[in-house]
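[1] only the shape, not the letters, is given here:
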């Protein structure tokens, strides 16, 4: 019979008898095992006495691994599973809420970034509009000046147009 225990003897010689066959589950299981060996003083049985003593010494070195056997009913098992399912559901809901909070946070940050980009774009468009308006007014002033010069050269009595009101709007 083999005993799975790496610290002690890996094999205990067990005699092939009815008693050892009845007790074989007790040598490495979850029960306490007591072993009583008997020897006789007769020199005729010295070999058997010697092997019995060696067997007893090796059997004393065997260490049983204790296991707690939990007896349960189906109701208690169902209750444990119910509690476990409830805790898993609560954990899942917590993770879903954390995920949704993170999505909301990212969405809010994206809206802020879009708002900033729209403001920058709007400011840039306004600056470009003002720049083109100023360029347009300067071009009109140059054309008026050129027109005035041409009118003086030709001497036709046309009326001059003054664009001072446009300068005030800028």
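    Received, thanks. Keep in mind that this is a model prediction, so the values were computed, not measured.
[2] for the chain, what's the longest helix?
    The helix spanning the most residues in the chain, taking DSSP state H as the definition, is helix 74-154.
[3] pLDDT below threshold where in this structure?
    Confidence mapping of the chain against pLDDT under 70 gives the ranges 1-33, 63-70, 72, 156-170.
[4] now residue 119: how far from residue 130?
    Using Cβ to Cβ, to the nearest Å, we find residue 119 at a distance of 16 Å from residue 130. Using the backbone N, CA and C atoms, a C-beta is placed for each residue, glycine as well.
[5] my bad, should have said residue 140
    15 Å.
[6] what's the answer for residue 116, then?
    With distances defined as Cβ to Cβ, the gap from residue 116 to residue 130 amounts to 21 Å.
[7] cool, and residue 143?
    Shown here: residue 143 relative to residue 130, a distance of 20 Å by Cβ to Cβ.
[8] a helix runs through residue 71, doesn't it?
    No. With the criterion set as DSSP: H, G, I helix; E, B strand; the rest coil, the secondary structure at residue 71 is coil rather than a helix.
[9] give me the neighbour count for it.
    Residue 71 has 5 neighbours, counted by other Cβ atoms under 10 Å.
[10] how about the contacts made by it?
    Shown here is residue 71, which makes no contacts under the criterion Cβ atoms under 8 Å, 6 or more residues apart in numbering.
[11] all numbers from here: first residue = 47
    Sounds good: first residue 47 from here, last item residue 117.
[12] state the distance from it to residue 130.
    In this view, residue 117 and residue 130 are 19 Å apart by Cβ to Cβ.
[13] now swap in residue 153 and tell me
    Applying Cβ to Cβ, the value for residue 153 to residue 130 is 34 Å.
[14] try residue 180
    With distances defined as Cβ to Cβ, the gap from residue 180 to residue 130 amounts to 75 Å.
[15] same question, residue 102
    Using Cβ to Cβ, we find residue 102 at a distance of 48 Å from residue 130.
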